[in-house]
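In: Show me the folded form of this:
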Amino acid sequence: MRYLRLILICGIFLSIGLTQSNAQIFPKIIKRNSNTTPVVPQERKNIELRGFDQESYLRTLSTVTDSMIFENNVNLGKVRSIIAEDQNVMIWAPTNRLVKVSEQIQIDSIWVTAYEYFSAWDSKKIDIYDFDIKSFQDSVKIRLYDPFFGYNWSMPLDQTPITSPFGYRWRRWHYGTDLDLNTGDPVYSTFDGIVRVRSYDRYGYGYYLVIRHKNGLETLYGHLSKYLVEVGQEVKAGELIAKGGNTGRSTGSHLHYELRYRGQPFDPENVYDFKEYRILNQEFLLTSDTFSHVAQARARAYHRVKSGDTLGSIARRYGVSVSTLTKLNGITSRSILRIGQNLRVR
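Out: Residues are numbered from 1 along each chain as shown. Down below sits the predicted model:
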């Protein structure tokens, strides 16, 4: 009987977990004090959460970049490079690393054609923009230079005496300003930009360069003797780009300097004081009056035939083709010209 009781007691101890290996752990229960005041998280002050307002952003940005024209449908995710000539984009704000430009460009190790990357690109022609002067009735404020954004200006030569101004001369329009120099004198880029054209015109500019600038303008440098830059090369204002000369249709060593907006030339003396060797203002306002000479140039014009004149020489003088002359005057390329005869050239 004694042994039976001992066995029963041992069984009871084992069932309630006498050893640590069979012990059961129960969660600790904490009774909540009903008198405790619940903690309410405090609202953070002076924080305003707003969605991105693209129109407001563009208005603010356009006050800084007055030389650009913005549209309501600008896609901020597809901003072109600093040297895109399209005036509907923020050309001074680069989003890609441009490695090289020629007929092809490399952007972030991807090769594409230059025409695909820029809204317009041609390294052979001067005017590629198809800009209609008649429809241009707005005013465009061009920010010529801005040290805050890192682009500046320069005069094209060390000295800038004018030998022939912009305007009508020798029965034709002269679309630039001629500046005196000696062959071999340095020629400088007048603004930051990229070389778009490097070519030769036997009956006109001779060896010449066209540079597309960050401010939306282009400059042309004619009658050069030597190139010092390549197509697609980025240049800074004041950087040496060529040496002056007397090539092409020229009667003496000089630089033919042009300013162009979307392919259309205008008087450089609207921007520079060549006699005082300075730029007139940081900004320039383009209006329809800036291109009033284009309407005059496109008016009818006639040439009085002189001894030795041919259709070819007359065509080269007025910058038209022989076929244009024959159509305007109802003649053929084999027609005999009479001295004193009036030929319509435009």
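
In: which phi and psi does S189 have?
Out: Dihedral angles of S189 (phi, psi; degrees, to the nearest 10) stand at phi -70, psi 130.

In: count of residues packed around it?
Out: 26 (other CB atoms under 10 Å). Just so you know, the C-beta spots here come from the backbone N, C-alpha and C atoms, and that holds for glycine as well.

In: Which residue ranges of the protein form helices?
Out: Along the chain, counting by DSSP state H, helices occupy 2-15, 54-64, 114-117, 292-297, 311-318, 322-329.

In: weakest of the ones you listed by average pLDDT?
Out: Taking the mean pLDDT of each of the helices of the chain, the lowest value is held by helix 54-64, a mean of 53.

In: Y318: what's it in contact with?
Out: R171, R172, A301, H303, V345, R346 (CB atoms under 8 Å, 6 or more residues apart in numbering).

In: please redo it, this time with the cut-off set to 6 Å
Out: By CB atoms under 6 Å, 6 or more residues apart in numbering, the residues touching Y318 are R172, V345.

In: Use 35 as the first number for this chain going forward.
Out: Okay, residue one is now 35; in that scheme the one you just asked about reads as Y352.

In: Tell me if I'm right that A349 and V356 touch.
Out: Yes. A349 lies in contact with V356 (CB atoms under 6 Å); the separation is 4.9 Å.

In: more neighbours, these two?
Out: A349 (19 against 14).

In: Now do the contacts for the more buried one.
Out: By CB under 6 Å, 6+ apart, the contact set of A349 is S355, V356, L359.

In: ok, the closest residue in space to L293 that isn't next to it in sequence to R338 distance?
Out: Leaving aside its sequence neighbours, L293 sits nearest to P302 (CB to CB, 6 or more residues apart in numbering; 4.8 Å). With distances taken as CB to CB, to the nearest Å, P302 is found 31 Å from R338.

In: of those two, who's got more company?
Out: Neighbours of P302 and R338, each counted by other CB under 10 Å, are more numerous for P302; the result is 22 against 11.

In: Check the more buried one and give its pLDDT.
Out: 96.

In: and it, what does it touch?
Out: T211, Y291, L293.

In: switch the cut-off to 10 Å
Out: P302 sits next to 190, 194, 196, 199-200, 209-211, 213, 224, 253, 291-293, 308 when contact means CB atoms under 10 Å, 6 or more residues apart in numbering.

In: Which of the residues you listed fall within strands?
Out: I196, T211, L213, T253, Y291, E292, L293 (DSSP state E).

In: tell me the pLDDT at the third one?
Out: As summarised for this prediction, L213 has a pLDDT of 97.

In: With the fifth one instead?
Out: Y291 is assigned a pLDDT of 98 by the prediction.

In: and which of the contacts of P302 is nearest to R230?
Out: Relative to R230, the closest of these is T253; by CB to CB it sits at 10.2 Å.

In: give me every residue that touches that closest one.
Out: Contacts of T253 (CB under 10 Å, 6+ apart): 190, 210, 223-225, 227, 243-247, 275, 291-294, 302.

In: so the closest residue to T324 other than its chain neighbours bridges to which residues?
Out: Counting by CB to CB, 6+ apart, the nearest residue to T324 once its immediate chain neighbours are dropped is F300, at 4.9 Å. F300 forms beta bridges with L293, as assigned by DSSP bridges.

In: need the contact list for F300.
Out: F300 sits next to 200, 209, 251, 292-294, 318, 320, 323-328 when contact means CB under 10 Å, 6+ apart.

In: cool, I167 as well?
Out: Counted by CB under 10 Å, 6+ apart, I167 has contacts R296, Q298, S322, T324, F325, S326, H327, V328, A329, R332.

In: List just the nearest of those residues to I162.
Out: R296 (9.3 Å).

In: unless I'm mixing things up, H208 is touching F200, no?
Out: Yes. Counting by CB atoms under 10 Å, F200 is a contact partner of H208 at 6.3 Å.

In: Quickly list what's touching both of these two.
Out: Common contact partners of H208 and F200 (CB under 10 Å, 6+ apart): E292, P299.

In: Pick out whichever of those two has more residues nearby.
Out: F200 (22 against 16).

In: Against S355, how distant is the more buried one?
Out: Applying CB to CB to F200 and S355 gives a distance of 25 Å.
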